[in-house]
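Colleague: just need the structure, nothing else, for what follows:
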Amino acid sequence: MGLTLCEKAVYWFFGINNIHAKFYGLVINEFGNFENFFNNFDRTSKKLSFLSDNELKLLSETHSIDFIENSLNGLLGKGINVLTIESGEYFKLLKQIDYPPVLLYYRGSFDNVTEKFISIVGSRRATDYGTGFASNIARDLADCGITIVSGLAYGIDAAAHKGALSVNGKTIAVLGNSLDVCYPPDHAELFEKIANSGMILS
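Modeller: Sure thing, here's the model as predicted:
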């Protein structure tokens, strides 16, 4: 998925330079949008009083479309895509929370998910009854066209993903780590199945 200049600017600011997401609103209020901010950065950087000198230095050093695209291509080489809050494909429900993430990284495709989601999460040390129940619920919901969202962890999470996949349903795994690392390692096969037929998010 190709990114607009506005989306690339969001990635440059928050992804490449790791600026805290709390400053998203400040930039919007000051400059209107990130494309305008990026195009006028050299002339308006003095307005960024909320940033440290070191942050401003890093932004200046990386203020280049070529630099941004090289960084994005490095991610694509690992099968990782970038989704920004400026994207039309950004999850509508997620955008409604108080502080939605400005950047998401993903493997997979939006063609592999539906607009209806249900999250199933639970104990990592679940009983056989618990994992079986979770798998059956996920299977039945996925069979009705609902995307199952869980966290790839042991126990209930893995059972929910497997239940959805058992009927060729849609499922999303939301991780707390980088997408070039599968955690837990034992779920590498499940990880790849979800990436190929659903979506992995971080």
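
Colleague: could you find the closest non-adjacent residue to I194?
Modeller: A173 (5.0 Å; CB to CB, 6 or more residues apart in numbering). Every residue, glycine included, has its C-beta placed from N, CA and C.

Colleague: next SSE after the lowest-mean-pLDDT helix or strand in the chain?
Modeller: Least confident helix or strand, the chain: helix 41-44 with a mean of 82, by mean pLDDT, DSSP states H and E. Where DSSP states H and E defines the elements, the next helix or strand beyond helix 41-44 is helix 53-61.

Colleague: which outside residues touch the lengthiest helix in the chain?
Modeller: Ranked by number of residues, the top helix in the chain under DSSP state H is helix 128-143. Identification of contacts with helix 128-143 by CB atoms under 8 Å, 6 or more residues apart in numbering yields 118, 120, 122-123, 126, 148, 150, 155-156, 158-167, 169-171.

Colleague: and if we set it to 10 Å?
Modeller: Contacting residues not belonging to helix 128-143 are listed as 114, 116-118, 120-123, 126-127, 146-150, 154-171, 198 [CB atoms under 10 Å, 6 or more residues apart in numbering].

Colleague: select only the buried ones of those in PyMOL?
Modeller: In PyMOL syntax, the buried subset of the contacts of helix 128-143 is picked out as below (16 or more other CB atoms under 10 Å):
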select buried, resi 117+118+120+122+126+146+147+148+149+150+154+155+156+157+158+159+160+161+162+163+164+165+169+170+171+198
